[in-house]
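In: Sequence first, then the predicted structure, then my questions.
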Amino acid sequence: MPKFLVTRWHGMHHMAALAAMLILSAALAWFEWWAGIVALALTLGVAAYTFFAERAFRKDLKTYLGSLSYRVKKGGNDVISELPFGIILYNEERVVEWHNPYIAELMERESVIGTPLTELFPTLQHAKDREGTVEAAVGHHMYQLIFRPKERILYVKNITEFWQLGRKYEDEKLSLGVVMIDNLEEVTQGLDDHQRGTLLSKVTTEITEWAQKYKIYLKRLTSDRFLLITDHKTLRQLEQSRFVILDEVREMTGEQKIPVTLSIGFAAGAEHIIEIGQWAHTSLDIALGRGGDQAAVKVGGRQSFYGGKSNAVEKRTRVRARVVAHALRDLIRESHNVMIMGHKLPDMDAVGAAIGVLKAAQLFGKEAYIVLEGVNPSIEKMMELIREDEKLSKRFVHPEQAMALMTPQTLAIVVDTHKASMLKEPKLLSQTERIVVIDHHRRGEEFISNAILVYLEPYASSTCELVTELLQYIHERISLDVREATSLLAGITVDTKSFSLRTGARTFEAASFLRRNGADTMLILRMLQEDLDEYVSKAEIIKHAQVYHNHVAIAMAESGKKYPQLLIAQSADTLLNMNDILASFVIAERPDGLVGVSARSLGGMNVQVVMERLGGGGHLTNAAAQFEGTVEEVKAKLTAVLEQIESEEGLFE
């Protein structure tokens, strides 16, 4: 027990003894006066002793406490000075009022008192003064800043070692990739075995040297497919290089009639190796679905695309068309009924393709319907032609009617899009597990994943071209009436800009088949005739066009004026007819309050990539996006993206 506590304990007993002695003295004085005097004298002696003992106790206690306070204060100062982390006290203006020596050593200054926190740690310029943690780099070290705003205290902890360990862990995570030669058979048709072997050897050598340069493990799976194994750090380097191997192989084989191109699918960031492998193959499918000659990379929730500078190579053989046609025929036969739907605000390609699929279903005696709600101006004249045929017009139903007709055995066929969000009523797809997708657009990140049959061919000019080919294989004796054949040919005509863009040999073969079956080109010409007021409105937009980077035309309509999406798209098409214009962008407000952007190119620039960075999508030569805000804000975003692409890889090949 401490000394002062012992003394205190004795003092309390002394006081009790004095009280007892006083009582005893009074009792003795009652019987004998002299005995009372003796007892009182003894009591006074004891009282005097107790008084001096208490004084001595207080003096000792004061001395002891003073010594203890000094030791505690000295120990506290030593502890704060030797703490392995920094402490900063700051005022309401976030200016340093006090700090321990750790901060002075960190900043290599004698004192930082009076310095704003944002000057010491620039990262804090955008951080709010609230409880939490922030990471900040100082020199070659990383620090964790822990805020205690109520006390206005900031703790600074060195986490460099843990941060480096975390970076190393992230860098060494497994990444898997698959490289595929897109068009090997198309390129090598007509070559003898020696020439084919030489070409394949050159491409393989280029891929092998590229893999060795980045220390990637390369394993050949088939004649046109390779497996890549590397880490996340190397994958980031490949992304920074924007997968230059794509350009190298294309340029190296440029003397071929059809240059060889590659498609690459890469993945990282999943918890299990199996999942990474699945992501890699999905990324490759997306790259192929977008037309090939590009790399698709999936890291966690991020999907990125690189390349895509060339048009998809048209397949010379129709084997896939025949296989898909037979599979579609079997699905139709096994279904209770068929529901056909295109994208919102359907164009002639969507409606024409839907009519072609309707014909296929009717060939096998199945009830089939086309989902359509409202008619936009671009297809009004086409719908007038369809209404003249009562049997055909009855096959068009509203989404509510379609929902009532859907059963688990209904075959839902989606045409001219592969995104559920683009449908007028996506809920229709949840009513059945039997879904078919027929589309010609480059595949985006969003995709109807539960489709049992997908016919996605970006090389095709239009969905009508794909459907026309399917019709030739789906039934031995196919016969189209004038309206059906004309609708399909109209879809091809519109999407190819009257056979001037994205046309291949198979496009003309499909058009020839439709002409033989009665397609009327004069009816198509009347469908495409322009209204005079619309032409004047289009001219109003075009007169505001400005040229960027010598070959890019950007037209911004006047703020406050509203234009239909069709007119915006037509204005972009018209700008492409101007001298030296290789790509065009038109920005205007739409009647629904959004700002629409239509993008067009002649193939030298991938406008799909531009629109995807803005949140839209589309095709290499035809893309669009919609935004909230003003036309000025959208134009600023567009020009910023164009500048970014120009600095990264150039706008044109």
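Out: Here it is on my side, so go on.
In: residues near residue 277, how many?
Out: 16 (other Cβ atoms under 10 Å). (Each C-beta comes from the backbone N, C-alpha and C, glycine too.)
In: Mean confidence (pLDDT) on the helix or strand harbouring it, please.
Out: Taking DSSP states H and E as the definition, one finds residue 277 inside helix 273-289. For helix 273-289, mean pLDDT rounds to 88.
In: Check which residues of that helix are buried.
Out: Within helix 273-289, the residues that count as buried by 16 or more other Cβ atoms under 10 Å are 276-277, 279-280, 282-289.
In: same question, stretch 616-627
Out: Within stretch 616-627, the residues that count as buried by 16+ other Cβ under 10 Å are 616-625, 627.
In: one step back: just the angle for the next helix or strand along the chain from the helix holding residue 277 relative to helix 273-289, thanks.
Out: Later in the chain than helix 273-289, the nearest helix or strand by DSSP H and E is strand 294-299. If you take axes from the mean of the first three to the mean of the last three Cα atoms, to 10 degrees, strand 294-299 sits at 150 degrees to helix 273-289.
In: Format the CA atom coordinates belonging to the next helix or strand after strand 294-299 as PDB.
Out: Moving toward the C-terminus from strand 294-299, the first helix or strand encountered (DSSP H and E) is strand 302-307. The C-alpha trace of strand 302-307 is given here as PDB (Å, rounded to 0.1, in the frame of the first residue of the first chain):
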ATOM      1  CA  ARG A 302     -15.300  -2.800 -66.300                       C
ATOM      2  CA  GLN A 303     -15.500  -3.600 -70.000                       C
ATOM      3  CA  SER A 304     -13.200  -1.800 -72.400                       C
ATOM      4  CA  PHE A 305     -12.600  -2.000 -76.200                       C
ATOM      5  CA  TYR A 306      -9.600  -1.300 -78.300                       C
ATOM      6  CA  GLY A 307      -9.100  -1.200 -82.000                       C
END
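In: in its sheet, what does strand 302-307 sit against?
Out: Strand pairing for strand 302-307, using DSSP bridges, gives strand 294-299 (antiparallel).
In: Can you report phi and psi for residue 333?
Out: Dihedral angles of residue 333 (phi, psi; degrees, to the nearest 10) stand at phi -60, psi -30.
In: would CSV of the buried residues of helix 273-289 with distance to residue 450 be doable?
Out: Output for these, formatted as CSV (distance: Cβ to Cβ, whole Å):
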residue, distance to residue 450
276, 22
277, 21
279, 18
280, 21
282, 14
283, 19
284, 20
285, 15
286, 16
287, 21
288, 19
289, 16
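In: which of these lies closest to residue 572?
Out: residue 289 (24.4 Å; Cβ to Cβ).
In: ok, and the closest non-adjacent residue to the closest one?
Out: Nearest in space to residue 289, with sequence neighbours left out and distances taken as Cβ to Cβ, 6 or more residues apart in numbering, is residue 443 at 2.7 Å.
In: Break the chain down into its domains, please.
Out: Domain assignment for the chain by automatic domain parsing gives 3-82, 86-167, 172-307, 319-527, 536-648.
In: ok, of those, where does mean pLDDT dip lowest?
Out: domain 3-82 (a mean of 61).
In: List the buried residues in stretch 353-371.
Out: Across stretch 353-371, burial judged by 16+ other Cβ under 10 Å covers 353-363, 366, 368-371.
In: whoops, I mixed them up, stretch 423-434
Out: In stretch 423-434, counting by 16+ other Cβ under 10 Å, buried: 423-424, 428-429, 432, 434.
In: Can I take it that residue 412 is in a helix?
Out: No - going by DSSP: H, G, I helix; E, B strand; the rest coil, the assignment for residue 412 is strand, not a helix.
In: Let me see the ranges of the helices in the stretch 101-250 of the chain.
Out: 101-107, 117-120, 160-171, 184-188, 193-213, 232-240, 245-252 (DSSP state H, counting those that start in this stretch).
In: then the second one to PDB, C-alphas only?
Out: Read it as helix 117-120. What follows is helix 117-120, C-alpha atoms only, in PDB (Å, rounded to 0.1, in the frame of the first residue of the first chain):
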ATOM      1  CA  LEU A 117      -3.800  21.000 -44.500                       C
ATOM      2  CA  THR A 118      -4.400  21.200 -48.300                       C
ATOM      3  CA  GLU A 119      -0.900  22.500 -48.800                       C
ATOM      4  CA  LEU A 120       0.600  19.600 -46.800                       C
END
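In: pretty sure residue 648 is touching residue 242, no?
Out: Yes - with contacts counted by Cβ atoms under 8 Å, residue 648 reaches residue 242, the gap being 6.6 Å.
In: Which one of those two is surrounded by more residues?
Out: More neighbours surround residue 242 than the other of residue 648 and residue 242, with 14 against 11 (other Cβ under 10 Å).
In: What sits closest to the more buried one if chain neighbours are left out?
Out: Per Cβ to Cβ, 6+ apart, closest to residue 242 is residue 306, 4.9 Å.
In: Which of the buried residues of stretch 353-371 fall within helices?
Out: 353-363 (DSSP state H).
In: tell me which strands and helices the helix or strand where residue 324 lies is in contact with?
Out: Taking DSSP H and E as the criterion, residue 324 maps to helix 319-334. The helices and strands touching helix 319-334, judged by 3 or more Cβ pairs under 8 Å, 6 or more residues apart in numbering; DSSP states H and E, are helix 348-363, strand 453-456, helix 463-474.
In: Return the list of helices and strands in contact with the following helix or strand past it.
Out: Where DSSP H and E defines the elements, the next helix or strand beyond helix 319-334 is strand 337-341. Using 3+ Cβ pairs under 8 Å, 6+ apart, the elements in contact with strand 337-341 are helix 348-363, strand 367-371, helix 399-405, strand 410-415.
In: Provide the contact partners of strand 337-341 at residue level.
Out: With contact meaning Cβ atoms under 8 Å, 6 or more residues apart in numbering, strand 337-341 is reached by 332, 354, 357-358, 361, 366-371, 402, 405-407, 409-415, 423-425, 428.
In: relative orientation of that strand and helix 319-334 in degrees?
Out: Going by the same axes, to 10 degrees, strand 337-341 makes 130 degrees with helix 319-334.
In: Dump strand 337-341 to PDB, restricted to CA.
Out: C-alpha atoms of strand 337-341 as PDB (Å, rounded to 0.1, in the frame of the first residue of the first chain):
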ATOM      1  CA  ASN A 337     -46.800 -19.100 -81.500                       C
ATOM      2  CA  VAL A 338     -44.200 -16.500 -82.500                       C
ATOM      3  CA  MET A 339     -43.800 -13.000 -81.200                       C
ATOM      4  CA  ILE A 340     -41.500 -10.700 -83.200                       C
ATOM      5  CA  MET A 341     -40.200  -7.400 -81.900                       C
END
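In: who's in contact with the residue nearest to residue 242?
Out: By Cβ under 8 Å, 6+ apart, residue 306 lies in contact with 239, 242-243, 246, 294-295, 297.
In: Excluding chain neighbours, what is closest to residue 589?
Out: Excluding the flanking residues, the one nearest residue 589 by Cβ to Cβ, 6+ apart is residue 562, at 4.9 Å.
In: how much space between the one you found and residue 539?
Out: In this view, residue 562 and residue 539 are 17 Å apart by Cβ to Cβ, to the nearest Å.
In: what about the closest residue to residue 245 other than its chain neighbours, how many neighbours?
Out: Spatial nearest neighbour of residue 245, chain neighbours left out: residue 210 (4.5 Å); criterion: Cβ to Cβ, 6+ apart. By the measure other Cβ under 10 Å, the count of residues near residue 210 is 21.
In: I figured residue 210 was touching residue 252, is that so?
Out: No - at 11.4 Å, residue 210 does not count as touching residue 252 under the criterion of Cβ under 8 Å.
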